[in-house]
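Q: with the input below, show me the fold.
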Amino acid sequence: MPLYEYLCVKGHEFEVYASVRDYNKKRHCPDCGKDAKKIINAPPMGIVQSDVCYDSPIDGRPISSWKQRREDLARSGCVPYDPDKKKDVDRWRRQKDEALERKLDETVEAEIERLPARKKEALVNELAAGAEAVPERGTVPIKTVKALKGR
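A: Predicted structure coming up:
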């Protein structure tokens, strides 16, 4: 969709993305509401790409063109860096952590429900008296697991 530039009678400049069929549509300034006229500019003439010059971190080969860069990435099974991928990974990790926290909460609640009434009452009294219950993540040592299975 093209970007059109406008200038109102009070001198305010603004830009509007609009379809080609809306080319002749009358526009009003978003700042003052006055009529605006389209500014005719030359379109950008091309894209200037930066030079590539580095040694491949995988095999040390000199990389001096975009073609060599693409080949190096393909040869090593890599993809170009994309900042949005980092956001995706961060979001995925956050969702995974939230799911783990929910599962932990559900497990704790289920275990509390399975306690005998006497122990449940003692736990409630301890928490009411100000005791803090802080769940701690960890793994059970293999020897302990084997000992538990032998019971």
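Q: what about Asp22, how many residues nearby?
A: 13 (other CB atoms under 10 Å). Every C-beta, even on glycine, is put in place using the N, C-alpha and C of the backbone.
Q: which pLDDT value goes with it?
A: On pLDDT, Asp22 comes in at 83.
Q: now Glu121
A: Reading off the model, Glu121 has pLDDT 92.
Q: quick one: it from Gly130, how far?
A: From Glu121 across to Gly130, the span is 17 Å (CB to CB, to the nearest Å).
Q: the more surrounded of those two?
A: Higher neighbour count among Glu121 and Gly130: Glu121, with 11 against 6, using other CB under 10 Å.
Q: pLDDT weak spots in the protein?
A: For the chain, applying pLDDT under 70 flags the ranges 1, 43-50, 142-151.
Q: can you list the domains in it?
A: Per automatic domain parsing, the structural domains of the chain span 3-39, 49-80, 82-129.
Q: including distance to Gly138, could those go into CSV?
A: Below are those laid out as CSV (distance: least, CB to CB, whole Å):
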stretch, distance to Gly138
domain 3-39, 54
domain 49-80, 35
domain 82-129, 12
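Q: and those domains: which comes nearest Thr139?
A: Nearest to Thr139, of all the domains of the chain, is domain 82-129, at 14.0 Å by CB to CB.
Q: what's the closest of the domains of the chain to Arg137?
A: Minimum separation from Arg137 across these (CB to CB) falls at domain 82-129, 8.1 Å.
Q: quick one: the spatially most central residue of the chain from Ile63, how far?
A: The residue lying closest to the centre of the chain (CA atoms, centre = their mean) is Lys87, at 2.4 Å. Distance of Lys87 to Ile63, computed by CB to CB: 27 Å.
Q: sounds good, over and out.
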